[in-house]
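*Asks:* Please find the sequence and the predicted model below.
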Amino acid sequence: MTTLHVRDLVKDFSVRTGLRRSRLRAVDDVSFSLAPGRTVALVGESGSGKSTVARMIARLERPTGGRITATAADGTEIPDRRYRDHVQMVFQDPFASLNPFHTVEHHIARPLKLHGVTGTAAETRERVEQLLERVNLHPAADIAQRRPHELSGGQRQRVAIARALAPGARVVVADEPVSMLDVSIRLGVLNLLARLQREDDLAVLYITHDLATARHFSDEILVMYRGRVVERGAADEVILHPRHPYTRLLASAAPNPDVSAGRTELLSGTRAVEPTGPGAAPPADSGCTFRDRCPQAMDVCSRPVRDHAVAPGHFAKCWLYADGTDRVDPAR
Ligand SMILES: Nc1ncnc2c1ncn2[C@@H]1O[C@H](COP(=O)(O)OP(=O)(O)OP(=O)(O)O)[C@@H](O)[C@H]1O
């Protein structure tokens, strides 16, 4: 059992605008925990900082500030050298994440050997086949000898998932794991992740644009806008009763997220309300980052805003709720 703790995470990038260099705060003071058996969804439009959070968790980017730690069931911190045994990533693009020159077996055997999971060649081969069976790739012995171009996108993503599990990972960060796949196979891959999570009690961070699958596959949702988590709470609560004006805008731009309404709607995804580009984020601590687009902006919104409780376990980083009441939805 491994729990991931993300505390006060900040990432600044240096960006060139013409001849000048400026600082872009891509991730601004983000904190959350990923507990065993739980899925947290990180949602938001393009450029909100979701992938940067994922890349820092996967240690592909170094944080400018804050801390990411993993702890074992007894609360002791996992040492740096063992962090990658516990925390693994599934990337968006199954075509780019597998090396076209290597077989499936090579891709999965490598982490098994690197992380000391298996010793002999026979052991490794057996474990590779077990992992392929677990992700429903049959016949495993045959799939193991194929190269990525001989597999469909969905099969490749299953290989990527098997590879992530190979070191015995307990925390899986899935960054838009189905957005590049054919709509008809997305649900199968998400259901696979959900099953593996249940079986192994994994902690999963599911990064997506899609509010419908975020609601269906996660326990908790964090909504990011321009680097900040602007709303967080239980998945149903955030989707059915969004409080931050940005979440409301996202929800209104999304197809009906009622999962029972049917598979087509569940899979159709949300469109970005408006892409945010480099340099779009105002300087840190200069008030609400959404105020220039917010239909309910007030003078006070230029002042730094903290999380305000809007319901038990449900928070919005919004001045509308500063006095503890919901001025927008008084019925609740
Ligand atoms: N290496 C980099 N150098 C400079 N700016 C970067 C770099 N990586 C990301 N950014 C910027 O940081 C911001 C957040 O990007 P990020 O990719 O994390 O967003 P995202 O929410 O994951 O978007 P998408 O859904 O499109 O992947 C964007 O403005 C992006 O242009």
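*Replies:* Arrived safely, thanks for sending.
*Asks:* Assign a three-state SS to residue 55, would you?
*Replies:* Following DSSP: H, G, I helix; E, B strand; the rest coil, the label given to residue 55 is helix.
*Asks:* who touches it in this structure?
*Replies:* Applying Cβ atoms under 8 Å, 6 or more residues apart in numbering to residue 55 gives the contacts residue 61. (Each C-beta comes from the backbone N, C-alpha and C, glycine too.)
*Asks:* Quickly note the distance from it to the ligand.
*Replies:* Noted for residue 55: a distance of 7 Å to the ligand, by Cβ to the nearest ligand atom, to the nearest Å.
*Asks:* hang on, isn't residue 201 packed against residue 35?
*Replies:* No. Contact criterion Cβ atoms under 8 Å: residue 201 and residue 35 do not qualify, at 9.6 Å.
*Asks:* So if I had to pick from those two, which one is more boxed in?
*Replies:* Between residue 201 and residue 35, counted using other Cβ atoms under 10 Å, the more crowded position is residue 35 (17 against 13).
*Asks:* Can you give me the neighbour number for the closest residue to that one other than its chain neighbours?
*Replies:* Excluding the flanking residues, the one nearest residue 35 by Cβ to Cβ, 6 or more residues apart in numbering is residue 3, at 5.1 Å. Other residues within reach of residue 3, judged by other Cβ under 10 Å, total 20.
*Asks:* Show me what residue 3 bridges to in the sheet.
*Replies:* residue 71 (DSSP bridges).
*Asks:* what residues does the stretch 1-150 of the chain put near the ligand?
*Replies:* Residues of the stretch 1-150 of the chain lying close to the ligand by Cβ under 6 Å from any ligand atom are 13, 15, 24, 26, 44, 46-52.
*Asks:* State the distance from the residue most central in space within the chain to the ligand.
*Replies:* For the chain, the residue nearest the mean C-alpha position is residue 207 (2.6 Å; Cα atoms, centre = their mean). Residue 207 sits 7 Å away from the ligand, going by Cβ to the nearest ligand atom.
*Asks:* Now do the contacts for that residue.
*Replies:* Counted by Cβ under 8 Å, 6+ apart, residue 207 has contacts 41-43, 50-51, 53-54, 173-176.
*Asks:* change it to 7 Å
*Replies:* 42, 50-51, 54, 174-176 (Cβ atoms under 7 Å, 6 or more residues apart in numbering).
*Asks:* Output the lowest mean pLDDT helix or strand found in this structure.
*Replies:* helix 263-267 (a mean of 30; mean pLDDT, DSSP states H and E).
*Asks:* Show me the contact partners of the following helix or strand past that one.
*Replies:* Next helix or strand after helix 263-267 toward the C-terminus (DSSP states H and E): strand 308-311. Residues from elsewhere that reach strand 308-311, judged by Cβ under 7 Å, 6+ apart: 233, 237, 243, 315-316, 318, 321-322, 326.
*Asks:* could I get those residues as CSV with pLDDT, neighbour count and distance to the ligand?
*Replies:* Shown next, in CSV, are those (pLDDT from 0 to 100; neighbours: other Cβ atoms under 10 Å; distance: Cβ to the nearest ligand atom, whole Å):
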residue, pLDDT, neighbour count, distance to the ligand
233, 98, 24, 20
237, 96, 20, 22
243, 96, 27, 21
315, 97, 21, 20
316, 97, 27, 19
318, 96, 27, 20
321, 94, 20, 24
322, 90, 13, 27
326, 53, 17, 27
